[in-house]
Structures are given as structure tokens and as C-alpha cells.
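Chemist: structure, please.
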Amino acid sequence: MLLGEALFWTLKDDALVIPSTDYGAFRYSDKKGSFYLEAKKFYSASRSSFESSGHKGGTFKKDCLRELEELTSQQRVVQCCWRNNTVLQMLFSSGLFAYVRVHPLKGDIEKITFDRYLVGKLAAECITDVVCSRESVIVTYSSNVMSLVSLLKPSKHPDKLSRQDPRLNTFELAGPSGRRLERKLSLNPEHNMVLVWWRYSQNELYPWSPMTKDCDRANLLVYKISESRLELLCFYKTEADPLMISFSKMHPNRIFLVEQKVSLKNGEVNVESSQFEVSKVSISRTSPVDVLQLKTEVCSVAQSPSEHTLALGCIDGSVLLHSTCASILVKSLFIPYHLVWHPDGSLLLAANEKGQIRCYDLALAPINFQIASETPQSCNFLDLSPYFRGQPHLSNICWNRQSDVSGSNYSATSDGLVFMLFSRGPCVALRVIIGGGLGTGDLSLTPERLVCMYLKSNLVDCAINLLRCLSWENQGQSCIASLHLIIHNLIAKRLTPRSEVQLEAALGIFMSPTVPLSKSVEKKYGHIVHSFARKFFSHILRFNRLELAFRLAIDIGDCDLFLLLHSQAKAVNNLELAKAAVEYADQLTRELNDDSESSKLFKHHRGCWILFLNSLILASSHCSRSSCSQCGSDGQSETEVKRLSFTAAQKNAKVTFSETVTHIVVRI
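Modeler: Residues are numbered from 1 along each chain as shown. From the prediction side, this is the model:
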């Protein structure tokens, strides 16, 4: 279960209903409250939680907060995003920027700054989108113009534009003129290219004109940013209505495109996702089109930070996760108009317009999420609507960004804040108590952290399903760490039919994948999974699951496991299985001897190696000596027994035998 605290950035008393006995919701107050309110304030301060007094920083903070509330209630918020893990940027329809610096662990406002540089300098009235980098600010409008603000003295931290020597230029965009379109922007990681796109209908008609160019019919434009100029590099017309077009955050020339096709005959919906590559003068598709068939139209789309999983929300309340590993569809309790990923990429938030939030992991298993209180809630989603006097309308939601690893302050673990903007206010900072960044200790929401939470709650199947949805190519470290947690959690318990199936399923994710793994992944993690499989073999052998141990030994392919199985089967008088184990070990030994490379002493880089197994197999199956503890009639062994042990230090040593080897001691 995830617990949260709702921190309302407002000083108004008539907009919210927050009981003084509710220790999971707070708001600012400039008045002295009742005894219970003072007790609540003292309790939150003792927990290093939200500062609700509103007096920290003097009257400056209260006046700025009141101004921010007036702006959100009177103007349209064009964009709301995190510039880093502590600074929230908001652009209003008038061109005014608001920078809110928050405490990364509490969500408490530390400073509010307003930037009015663009006020009165806009090229058009209706702003549709904005992107900001350290060197420039780009603004688009509903008309076919775009403004570029070049910063000649860029600052390392978000600051007022007037302090960075700005240069404002306006350019005319390609595309249909005289039409009001909601143009969106996307900036590549190197900040030298910007993508402009807008939606259009499949049956859209254009007026005929002999002078119309191909670029005027396109709805995807790529511009090169060169100092104070914008140069059109390439353009493209999508085949269907685009839902999302964005630059990759890992590859500067890669573009992700998600389109939606709706059949007019039967109403079938097909969602197509593909990748494009931008060259100097052209744009070309570099991946096959991935088609998803849905029953209803898509209302929200979000791509995971690893760019491996695509999340889709439909108007019938269903949520779909699609990746190369699997496609999973679940039915939500409400229509997910907003989808947002945690920066670690293991948690998905789905929200509707009423402020109801539900959490999912990568396997779309719902995670209970509620406001911290003395009594648990019956529903498994978080609902903020009871705190509003009227009907709320959620317009934006975003998770704060991961901090820089080089940061040595407290902000290094701080991605446990979710900012929520409601139409006409107020703003809400939702603090996830167990959240935090970088995967350190208990302050992370990485996949292995979620697996650990599942195992502590005895939800092993949920942990295995989460591991099954991870990508070994892109999330190899998380995969092997999660598999380690699952295997060691299960083998520490008594073997049951259910745990047996769970162990097989966990190991089968790597040993028998649905999608073949690359050679590099098998080489990097194969020996670790191999050791997990040997531990599983020892675990089931301890509980005399001999048939399963035999099948597992065949999958592992180590001769010494068959010899251990032979001894165990003979001890329980299962002579048929003991004979089969010896025969299979003999067969493996002959195959190793036939292969010149496999006849070396080492295999899978284990600590010690099996050598000269033919003599041991012969001794195990036909030995008549009284010195053998397995075959001797009196069960006694001689005092002197020939034993040979081989370690990794003897890798290149040449070994000769002057007499028959009867026993080999294997160090693992």
C-alpha cells in the first residue's frame, strides 16, 4: 500500500473542506486556528511534513501565493512541468511564467517567482505550447507563427528571462495558413531540433490551390535551432490522427509516433506506433508499424521513461500497457483521462477529471493508494473530491523529475511528489510517503523496490508478473535484482506445490522467455541465473522431489547434478531414476569429451569444475569395492580414499591419473 499526503497550495477558506482531525490533508493558513488545528500543525512539524502556517519567509510568501491563486483562477494555464526536481514551471495564457520552488521531500512552497518578460510581446493571442531549455524558449500559437527566445547568457538554474540577455524572434511556420490549430512542441535531448505537430482528421479537406506546397499539407515539422534562427529540416504527413509525437529522450534523432485510426463502417479502433529517424534533409520510418486493436477510442497516452512501454487510456475505462514483452489490458473504475509515469518507470498513475487516482505497476496490478489516516479506506484508489466544496476538474498532473546523481543534498532522493492542477485552482502537491528517487534504501519506487514490497506482503505472484513485464535488454540490473529477491524468498520457505510452480515461473522468465533474449544479455546474466537454478535444484532435492529435480537438471545441463540425484534416488530406493541419472550423466560426459572446447576443465565460470567423470560414473554404477559407501555391502569405507579437488586456480594445470579415480570432491 502507498500512503500520500495532499498539500493544497491555497489560503482560501471557502474552497476546501479539510477537517482538523485529518492528518493526511493540509493547506496554508494565515490565521490562528483552533486547538485541534494547532495540534495538527505540531504533529505535522514533528513528522517533518507540510508547513501549514504560511509564515515562513514572511509576508512575501503569502502575497505571492495569493497572486498565484488569482492567476490560476483567472487565466488559462498553457503548460505545467517540472524544470528539475525542485522547481515547477507554469506558463499562463498572458505569457507570464511562474516558478515555484518546493521542498523536494515535503512539497512545501519555499519561493515563488514571476517572470513577465513575454507579457505584451507575444506574436499572437492564443498560446498552445512552450518548450524551454537552458539556451532557448520556444512558443507556438494557434496561428502559423512561432516565437524563439534565444538566451545569450544562460543560467544553470531556472531564472527570469530578462537576466539571461534574451533575444526574441518570430518565424512563420509551414502548414495550413488561416486555420486555428493546437500546435504541440517536442525538443530533442541535444536542444538543437524542435518538432512541431498538430492533430487532424482523416477526412479533412484542403482548398485547392496551384501554389500549395507539400510542406503546407504536412502536420509534422522538424526545425533546426541555430542560434537565433529556425531552419526547416524535414516534414511528414501522418496517415492517421496522431495521439503523440515526441523526440526520444535517449536518441537525439529518433521520433516516436502514435496514431489512431477509427473505422467509419464498424467503429473499430486501431492504434499504430512506430519510430522515425531524422536526417539532415529527410525523415524516414525505421521500425515496423505496431498495430493494436481496441474497442473504443483512446483518450490519453503516455510513454514510460525507459521508452520501452506505451500506456493507453480508453474512453470505456480500460488501461492498456504495450511493450515487446507483453500487452496487458485491464478495466479501470473510471475513465483515465490522465496517465503519468513515475520517473523510475515502474509505477503508472491513472486519474480522471474528478481527482480520483489509481496506481498500477508494470503488470497493471492495482496498488492500493490512499491518504494517510488512522483508518484504512475501503476503496483501493485515492479520491481528493471530498475535500472540495464544488465539483473539481483536474486539468494537469505531473510527477517531479529525478534529481542529478551528483547532488549531495537532500534533493538527491526526491521524486515522491505529484503536482496536480485543477481548473480555476487550487494547486495540489501530492506527497507519496514511500516515494523518492535514485533507488536508495526505502526511498525508491524502482521495480526491485516494488518486488520487495510484494514479497513482504506475501504477494509472490504479483512480484513474478512484474518481473515478467521488465525488459532484460533495457532493465537488466532491475531484472536480475528482482529475480534474486524472488528466488531467495521462496527457497527460504518450505517447498509447497504453489512455491514450486512460482520458482519454475520465475526462472522460466530467463531460461524459457517468450521473446528470445540477445546473446549479450545471455552472456551478461546467464551465469547468475545458472546459479539460481542450481539453488532451486538443491531446494527441491532436499524435499525429495526427484522427478522435478531430474527435469531441472536436464535444463541446467551440469553433470554433477545428475550424480547428486543418483545418490539421492538410490538412498530412497528409486533405482530406476538413479539409473536414468547415471545414463544421462554418461551421455553428457561423452558429449563434453567429443567437443574440443567443452573438454576443458571449466564451464559457466563456476568456482570449481568436474573432471574425468567417466570413472566416477563407472564406479557409481558397477563398483564392487567394499570401500564404496554407496555399493559396499557393509556400508563401511576405508580410511584412505582417493579424493581430488579442483579449484579455479588450477585452470590451466595438466592433470594425469596413475590409478582409477573413485571419488571426486566438488567445491561450489
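
Chemist: the helix or strand containing Lys224: what's the following helix or strand?
Modeler: Using DSSP states H and E, Lys224 sits within strand 220-226. Sequence-wise, the next helix or strand downstream of strand 220-226 (DSSP H and E) is strand 229-236.

Chemist: give me the buried stretch members for that next one, please.
Modeler: In terms of neighbour count (16 or more other C-beta atoms under 10 Å), strand 229-236 has its buried residues at Leu230, Leu233, Cys234, Phe235, Tyr236. (Each C-beta comes from the backbone N, C-alpha and C, glycine too.)

Chemist: what about the residue lying closest to the last one once chain neighbours are set aside, distance to Thr238?
Modeler: With C-beta to C-beta, 6 or more residues apart in numbering as the measure, Leu220 is the residue that lies nearest to Tyr236, at 4.3 Å, once sequence neighbours are left out. According to C-beta to C-beta, to the nearest Å, Leu220 and Thr238 sit 6 Å apart.

Chemist: find residues that contact each of the two.
Modeler: Shared contacts of Leu220 and Thr238 (C-beta atoms under 8 Å, 6 or more residues apart in numbering): Ile245, Leu257.

Chemist: about what we covered before: any idea what the residue nearest to Tyr236 is bridged to?
Modeler: Beta bridges link Leu220 to Trp197, Tyr236, judged by DSSP bridges.

Chemist: tell me if I'm right that it and Leu232 touch.
Modeler: No - judged on C-beta atoms under 8 Å, Leu220 makes no contact with Leu232 at a distance of 11.5 Å.

Chemist: quick one on the thing from earlier: quick one: mean pLDDT for the strand holding Lys224?
Modeler: The pLDDT scores in strand 220-226 average 93.

Chemist: next: stretch 334-343.
Modeler: Stretch 334-343 shows a mean pLDDT of 94.

Chemist: list the buried residues in the longest helix anywhere in the chain.
Modeler: Secondary structure assigned by DSSP state H gives helix 519-542 as the longest helix of the chain. Neighbour-count burial for helix 519-542 flags 521, 525-526, 529-530, 532-534, 536-537, 539-541 (criterion: 16+ other C-beta under 10 Å).

Chemist: what is the rounded mean pLDDT of the helix or strand that that helix is followed by?
Modeler: As assigned by DSSP H and E, the chain's next helix or strand after helix 519-542 is helix 546-556. For helix 546-556, the mean per-residue pLDDT is 86.

Chemist: so which elements touch the helix or strand immediately after helix 546-556 in the chain?
Modeler: Downstream of helix 546-556, the next assigned helix or strand under DSSP H and E is helix 559-571. Where contact means 3 or more C-beta pairs under 8 Å, 6 or more residues apart in numbering; DSSP states H and E, helix 559-571 is packed against helix 519-542, helix 546-556, helix 575-594, helix 613-622.

Chemist: can I get these in JSON lines including distance to Pro366?
Modeler: Shown next, in JSON lines, are these (distance: least, C-beta to C-beta, whole Å):
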{"stretch": "helix 519-542", "distance to Pro366": "29"}
{"stretch": "helix 546-556", "distance to Pro366": "33"}
{"stretch": "helix 575-594", "distance to Pro366": "45"}
{"stretch": "helix 613-622", "distance to Pro366": "52"}
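
Chemist: check those helices for me: which has the lowest mean pLDDT.
Modeler: Mean pLDDT values for the helices and strands packed on helix 559-571 show the minimum at helix 613-622, a mean of 38.

Chemist: quick check: Leu470 touching Asp361?
Modeler: No - using C-beta under 8 Å, Leu470 is not in contact with Asp361, being 10.4 Å away.

Chemist: rewinding a little: the strand holding Lys224 vs strand 229-236, what angle?
Modeler: Strand 220-226 and strand 229-236 meet at an angle of 150 degrees, taking axes from the mean of the first three to the mean of the last three C-alpha atoms, to 10 degrees as the criterion.

Chemist: tell me the buried residues in strand 220-226?
Modeler: Leu220, Leu221, Val222, Tyr223, Ile225.

Chemist: pull the most distant pair out of the residues you listed.
Modeler: Leu220 and Ile225 (16.8 Å; C-beta to C-beta).

Chemist: got any ranges where the protein has weak pLDDT?
Modeler: Filtered on pLDDT under 70, the chain yields the residue ranges 32-36, 47-60, 201-212, 374-375, 378, 404-415, 434-444, 594-668.

Chemist: which residue is nearest the centroid of the protein?
Modeler: Using C-alpha atoms, centre = their mean, the residue of the chain that lies closest to the mean C-alpha position is Gly345, 1.3 Å off.

Chemist: residues contacting that one?
Modeler: Gly345 neighbours (C-beta under 8 Å, 6+ apart): Ser304, Pro305, Ser306, His308, Thr309, Leu362, Pro447, Gln475.

Chemist: count of neighbours near the third one?
Modeler: Right, the one you point to is Ser306. Other residues near Ser306 number 19, with proximity taken as other C-beta atoms under 10 Å.
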